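S.K.: Please work out how this folds:
(chains A, B, C and D)
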2 protein chains.
Amino acid sequence: MLKDLDPLLLNQIRLGVMSLLVSLKEAEFNYLREELKCTAGNLSAQLQKLKDAGYIDIEKTFKNNYPLTTCRITKKGLEAFRRHFEHLKSYKPFK
Amino acid sequence: MLKDLDPLLLNQIRLGVMSLLVSLKEAEFNYLREELKCTAGNLSAQLQKLKDAGYIDIEKTFKNNYPLTTCRITKKGLEAFRRHFEHLKSYKPFK
DNA sequence: TAAAGTAGTTTAAAATATAAACCAAATTTT
DNA sequence: AAAATTTGGTTTATATTTTAAACTACTTTA
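M.R.: Numbering: from 1, shown residues only, chains lettered A, B, ... in the order given. Purely as a prediction, here's the structure:
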């Protein structure tokens, strides 16, 4: 029960990224950075972890000559996110 | 919004302790340890953090000659827990 | 009374998170 | 057209957190 929570989703920034990507399907690096009010370095590190876990895809392109990093949630990531919340829902205050 | 999540409740063991104490109002150390399937050392450390934050009270007595540690949630802890979940609920999958 | 068990705490190492320093290229200022 | 500044990130070094293992203190059993 309690140990079924996804360790990757017990971090504020990673949880925030996943949450936003669930609704948005796609988000740019600086949008996430601003929305989550975190440093670029921290965001960069956490995105890498989500990518390593196969929870998100990261696409690197250019926009107006500047590098642009775009993130999307994967099927695996979506499932992990839903599972995580199913477990959270089993807590008393939700019943 | 996202940054309103309580850092203390983003740890699995602390979240588990709080969750159990919300329903039980009182729990012994070894009950928590077994329920949460964690080592005693880890539990001891996390309980201390919850106590330092004023989220739980820890009472130390003796039972059958052995030390007995009993935990209860505080008003402050209950409020923090509820607040944390209110914020979680605002995530899309809950809507 | 020696060995094993109970109930935890302390510690030290491993994992994680974070800010600060850095990089490459683009743009703006002087 | 240099020099300085900005953009969009990544890398790294430090600080924090987590965790298992070692330890304390006492009790029970053999």
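S.K.: hmm, whichever strand or helix holds residue A:16 touching chain B?
M.R.: Element membership of residue A:16 [criterion: DSSP states H and E] is helix A:12-24. Yes. Shown here: helix A:12-24 in contact with chain B (CB under 8 Å from any CB of the partner chain) through A:12, A:15, A:16, A:19, A:22, A:23. For the C-beta atoms, the positions are set from N, CA and C on the backbone; glycine is no exception.
S.K.: beta partners for residue A:63?
M.R.: residue A:66 (DSSP bridges).
S.K.: Relative to the helix or strand just after the helix holding residue A:16, what are the paired strands and their orientations?
M.R.: Downstream of helix A:12-24, the first helix or strand assigned by DSSP H and E is strand A:27-28. Sheet partners assigned to strand A:27-28 using DSSP bridges are listed as strand A:66-73 (antiparallel).
S.K.: For the strand it pairs with, buried residues please.
M.R.: A:69, A:70, A:71, A:73 (16 or more other CB atoms under 10 Å in any protein chain shown).
S.K.: Tell me what the second one is bridged to.
M.R.: Residue A:70 forms beta bridges with residue A:28, residue A:59, as assigned by DSSP bridges.
S.K.: what separates it from DNA strand D, distance-wise?
M.R.: Remark: distance between residue A:70 and DNA strand D (CB to the nearest atom of the strand, to the nearest Å) = 8 Å.
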